[in-house]
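Asks: can you look at this prediction? I've put the sequence above it.
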Amino acid sequence: MIIDIAITVLPHGEGLPLPAYATEGAAGMDVVAALDAPLELAPGARAAVPTGLTMAIPPGFEVQVRPRSGLAHKHGLTVANAPGTIDSDYRGEVKVLLVNLGADPISIERGMRIAQLVPAPVTRAALRVVAALDDTARGSGGFGSTGA
Ligand SMILES: O=c1ccn([C@H]2C[C@H](O)[C@@H](COP(=O)(O)OP(=O)(O)OP(=O)(O)O)O2)c(=O)[nH]1
Ligand SMILES: [Mg+2]
């Protein structure tokens, strides 16, 4: 399924590649850092990294901000709130909340592909308060109740 997402490029995002699918079958569009200067992330540090983009996602959809496995595997660089949620009614700049879980400092450079954007349908719930829930075999067992 392809959905239409309107975007604007903010002044600090000009000249950078738009989010793009790296291969024909890629699920996520790689999005780049719209930093004016390199940003060094110390071990354990996190930052809201600008993308220079705003977007209008159609109602009924969201965009998820997911880590890139290569950065996570090689450097421990990931998305603190993964998967980040971009709401359809959000009109501010999309930012990527990076966290350095590795042992070494990481330099985030302008134009570096820092995360991937995955549009997804949204399922909403209508809550209904009842006196008691139906019985199930699991009941309240959880958190490892079925064994290792
Ligand atoms: O990785 C992210 C996550 C969120 N946002 C923006 C878009 C999203 O629509 C808005 C709110 O995100 P969320 O609901 O996750 O954050 P919150 O802490 O609940 O903030 P709010 O009270 O504004 O909803 O922040 C980003 O730019 N990047
Ligand atoms: Mg919220």
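Replies: Sure, I can see it. Ligands and ions are numbered 1, 2, ... in the order given.
Asks: quick one: end-to-end length of stretch 6-22, please.
Replies: From its first residue to its last, stretch 6-22 covers 20 Å (CA to CA, to the nearest Å).
Asks: tell me the buried residues in stretch 19-34?
Replies: For stretch 19-34, the neighbour count (16 or more other CB atoms under 10 Å) marks 19, 28, 29, 30, 31, 32, 33, 34 as buried. Where you see a C-beta, it was placed from the backbone N, CA and C, and this is true even at glycine.
Asks: residues in contact with it?
Replies: Contacts of stretch 19-34 with the rest of the structure, by CB atoms under 8 Å, 6 or more residues apart in numbering, involve 10, 12-13, 16-17, 39, 49-53, 65-66, 68, 94, 96, 108-118.
Asks: next one: stretch 72-86
Replies: Under CB under 8 Å, 6+ apart, the answer for stretch 72-86 is 41, 46, 55, 57, 62-67, 71, 94, 96-104, 106, 114-115, 117-118.
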